[in-house]
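Student: what follows is a predicted structure for the sequence shown.
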Amino acid sequence: MKLVAGNSNRPLAEAISAYLNVPLAKAQVRRFADMEVFVEIQENVRGEDTFIIQSTSFPTNDHLMELLIITDALRRASARRITAVIPYFGYARQDRKPAARTPISAKLVANIIAHAGVDRVLTLDLHAGQIQGFFDIPTDNLFAAPTLARDIKDHLDGGNRMVVSPDVGGVVRARALAKRIDAPLAIVDKRRERPGESEVMNIIGDVSGRSCILVDDIVDSGGTLVNAADALLANGAKEVYAYITHGVLSGGAVARIAGSRLKELVITDSIMPTEAVKVAHNIRVISIAQLMGEAIGRTATESSVSSLFD
Ligand code: R5P
């Protein structure tokens, strides 16, 4: 097996390599003066089972291009099989046409990745499970839920926990986590009664006195979480935590979270944390290196990946 790291998340790639006890392959992934991506795999990969570790996170297009060019380099170097390990799959939120004459960019990106020569994909908490079907190659969508559940059990008082979906679209994901930690479920229902009026947040479920745990796949601007936390506290919640798989955290998101009433936001390292994330007083990062590493190992030995979640 050969592991090749792009530049999107070197610390995660190193942690996966340590878990598997397989060194990262010698490779150069660098830029020409005009920022074109150049890749050179500096060891033999002929006939090898190869895994490229690369999140298509910010800057999304650069990291996507690195993934495609590493794939091309491995294919031309006669790798036997190429698996794209994409802990965070960018463009996933563009998974349908929200209006006329708009693209389905997630499908386009899936097509491009397969066309470049990737044989299979290993990813984590896709924004919508159906995106698996956008790839016409085998695709395993791993779940961070067991990792998050373990952390919740270690850090939060058992009797008083309540899982909350910050919107109706996230109920299935939140319910799965609630089941794992044996907690009840509440839902934030956002409604705009008339165009131009501000959104009203209704809470479905009794959250009074509860330690609420907001669960979602992505935190981007942080707006969804901060508003949901305020609504929960206004409805009598004792405290509000958030467990989110992908910390996109663009623009002023870290400052927004730091200045919010969220007691703690826990994210995974599917996206490399920035310095601002690392020093934020109420953001904590937990690693999915073991989960990704185990799934890579099982893929290499052709053993069950789904049984990881039994
Ligand atoms: C939306 O469907 C996603 O699951 C997240 O709720 C959303 O991306 C969060 O975005 P923001 O942090 O910008 O509110």
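Tutor: Good, I have the coordinates. Residues are numbered from 1 along each chain as shown.
Student: how many neighbours does D49 have?
Tutor: 18 (other Cβ atoms under 10 Å). C-betas here are computed from N, CA, C, even on glycine.
Student: typo on my end, it should be K107
Tutor: 17.
Student: could you check how far it is from the ligand?
Tutor: According to Cβ to the nearest ligand atom, to the nearest Å, K107 stands 17 Å off from the ligand.
Student: show me where this structure has its strands.
Tutor: 2-5, 27-31, 37-41, 49-53, 81-86, 120-124, 139-142, 161-165, 185-191, 200-204, 211-219, 239-247, 264-268, 283-286 (DSSP state E).
Student: buried stuff in stretch 49-61?
Tutor: Neighbour counts over stretch 49-61 (16 or more other Cβ atoms under 10 Å) mark D49, T50, F51, I52, I53, Q54, S55, T56, S57, F58, T60 as buried.
Student: and it, how far apart are its ends?
Tutor: End-to-end span of stretch 49-61 (Cα to Cα, to the nearest Å): 26 Å.
Student: now do stretch 14-29
Tutor: 15 Å.
Student: ditto for stretch 129-147
Tutor: 19 Å.
Student: centre of the chain to stretch 77-90, how far?
Tutor: Centroid displacement of stretch 77-90 relative to its chain, using Cα atoms, centre = their mean, to the nearest Å, is 16 Å.
Student: oh sorry, the question was meant for stretch 195-204
Tutor: Going by Cα atoms, centre = their mean, where stretch 195-204 is centred and where its chain is centred differ by 28 Å.
Student: what about dumping the CA coordinates of that stretch to PDB?
Tutor: Coordinates of each C-alpha in stretch 195-204 appear next as PDB, following Å, rounded to 0.1, in the frame of the first residue of the first chain:
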ATOM      1  CA  PRO A 195     -41.300  37.200   2.400                       C
ATOM      2  CA  GLY A 196     -39.300  40.000   4.000                       C
ATOM      3  CA  GLU A 197     -40.200  39.000   7.600                       C
ATOM      4  CA  SER A 198     -37.300  37.700   9.700                       C
ATOM      5  CA  GLU A 199     -37.100  34.000  10.400                       C
ATOM      6  CA  VAL A 200     -38.800  32.600  13.500                       C
ATOM      7  CA  MET A 201     -37.100  29.700  15.300                       C
ATOM      8  CA  ASN A 202     -39.500  27.300  16.800                       C
ATOM      9  CA  ILE A 203     -38.200  24.500  19.000                       C
ATOM     10  CA  ILE A 204     -39.900  21.100  18.600                       C
END
